[in-house]
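> need the 3D shape of this:
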Amino acid sequence: MDNKERNMIKARELQAKGHTQKEIGEKLGVCERTVRNYLKDVPAPRKKRKRESKLAPHYAFIDAKIKENPYFNCELLYDDLLKIGYTGKISILRDYVSRVRREVLTEAVIRFETVPGHQAQVDWKEHGRHLVDGELKNLYQFMMTLGFSRKPYIQFTTSMKSEVLLRCHINAFRYFGGVPETILYDNMKTAFVADENGDFQVQKDLLRFASHYGFSAERCRVRRPQTKGKVERSIGYSMTNFWPRVKDGPLSIDSLNGEGLNWIESIMVKRISGLNESRRTRFEIEKQYLKPLPIIEPDIRASIPCMVNRESCIIYETNKYSVNPCFIGKIVELRVDSDSRAAEVFAENKSIKRFILEKPGSPARVITSEDRDEIEKRHRQDRDRLDKIRSVKRKVKSGVEVDIRHPSFYDSVIEMEASI
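Numbering: from 1, shown residues only. Have a look, this model is predicted:
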């Protein structure tokens, strides 16, 4: 503070105490005109020294994390910053992340907004190995998110096979009450496969499924994962808001799926950042534009060709299951429902057998009573036929005349014996 500023402040203090301008001038050693100028001028505000935030050197690091995942947990981000030299508090970080997150989400909303009923986005989240229903298994999370309303559907599974993916689709369509025009996927092998030219084509099972439900399967642009950012944000939200609530408790597929749907209903009333509307409000609009569900659901079961062996059994997952012995030596089709473990056997496009699969690797041998009776009957017929064949062979070898009506009779006898 210079001498002039000090005199100005002192003059105002003396004036407030009732001193005249002449008295003030005498005390300050200046003329009355100068005193009048002191009292007329307003003192300049004291300039505060602007301090740089402790977080400033790390803005680029934080921005990159939030742009990659807008719902990145602040506590995890705080731990990362401490490792690279941040010395501030987490409250400063939360304030800054909140501003960046709003900007990122608003930009994403503006750039990738879709009309009602036009698009849904699908993705998987892998949770690693967990004790699920009493067994150590890989755990996966399926997510489908409607583009306009952002309403998600969540389902936990222990497999990402094609039939599991399609089953999740069916459950999602039931949950939404309809089907969108298009569904967007990334490079998952159960959705798209590369042809001999390196071009990606819709996987045949998904193509048949999409045709049945009347939607178009599309692949997101290469190196542009933000084109399915809505489902990415749904997964990110579930990982920070839902998964931490259940991951430390006993896990079962049924309970996870039930709690997952309850969680979705709890977030439906929350306003979507950048839109100022809730998912519920927007879904009331979007559901009117979804295509109706078909009356008949498609058969999405896995199809496995199986040879019926000499024991009149097919083998699947090291277990044996009987079929009618008239199919011995023939290839039949086994269709398996991964969810219920229900199996059905087809021969010549007709269903010939239904059963529930045993635990893989038991090994079990399941012979039904009707098959057992037919198998025993077949064995008796085969023994009688074999006895006749051996009798004919003995007569031929001994030179006894045999009534052979067909020239190829002897060759067929030999072949029949070899097949038994």
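
> just give me the longest strand of the protein.
Looking across the chain with DSSP state E, the single longest strand is strand 119-132.

> just the buried residues of that strand, please?
Neighbour-count burial for strand 119-132, with 16 or more other CB atoms under 10 Å as criterion, is recorded at 119, 120, 121, 122, 123, 124, 125, 127, 132. Yep, even glycine has a C-beta here, placed from its N, CA and C like the rest.

> give me the mean pLDDT for that strand.
Here strand 119-132 scores 94 as its mean pLDDT.

> and what of stretch 81-91?
Mean pLDDT, stretch 81-91: 87.

> and that stretch, what's buried?
For stretch 81-91, by 16+ other CB under 10 Å, it's 81, 86, 88, 90.

> re earlier: same for the longest strand of the chain, what does it pack against?
Applying 3 or more CB pairs under 8 Å, 6 or more residues apart in numbering; DSSP states H and E, we find strand 119-132 packed against strand 135-146, strand 182-185, helix 229-241.

> now the last one - C-alpha only, PDB.
So the one you mean is helix 229-241. Taking C-alpha atoms only, helix 229-241 is exported to PDB below (Å, rounded to 0.1, in the frame of the first residue of the first chain):
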ATOM      1  CA  GLY A 229     -22.300 -45.000 -25.100                       C
ATOM      2  CA  LYS A 230     -25.800 -45.400 -23.600                       C
ATOM      3  CA  VAL A 231     -25.300 -49.000 -22.700                       C
ATOM      4  CA  GLU A 232     -21.700 -48.300 -21.600                       C
ATOM      5  CA  ARG A 233     -23.100 -45.600 -19.200                       C
ATOM      6  CA  SER A 234     -25.800 -48.000 -17.900                       C
ATOM      7  CA  ILE A 235     -23.100 -50.600 -17.200                       C
ATOM      8  CA  GLY A 236     -20.900 -48.000 -15.500                       C
ATOM      9  CA  TYR A 237     -23.800 -46.800 -13.400                       C
ATOM     10  CA  SER A 238     -24.700 -50.400 -12.400                       C
ATOM     11  CA  MET A 239     -21.000 -51.100 -11.400                       C
ATOM     12  CA  THR A 240     -20.900 -48.000  -9.100                       C
ATOM     13  CA  ASN A 241     -24.500 -48.000  -7.800                       C
END
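
> ok, then the element right after that helix?
Remark: after helix 229-241, the chain's next helix or strand is helix 243-246, criterion DSSP states H and E.

> against which helices or strands is that following helix packed?
Helix 243-246 packs on helix 253-267, going by 3+ CB pairs under 8 Å, 6+ apart.

> next, the angle strand 119-132 makes with the helix it packs on.
140 degrees (axes from the mean of the first three to the mean of the last three CA atoms, to 10 degrees).

> so helix 253-267 versus helix 229-241, what angle?
Going by the same axes, to 10 degrees, helix 253-267 makes 110 degrees with helix 229-241.
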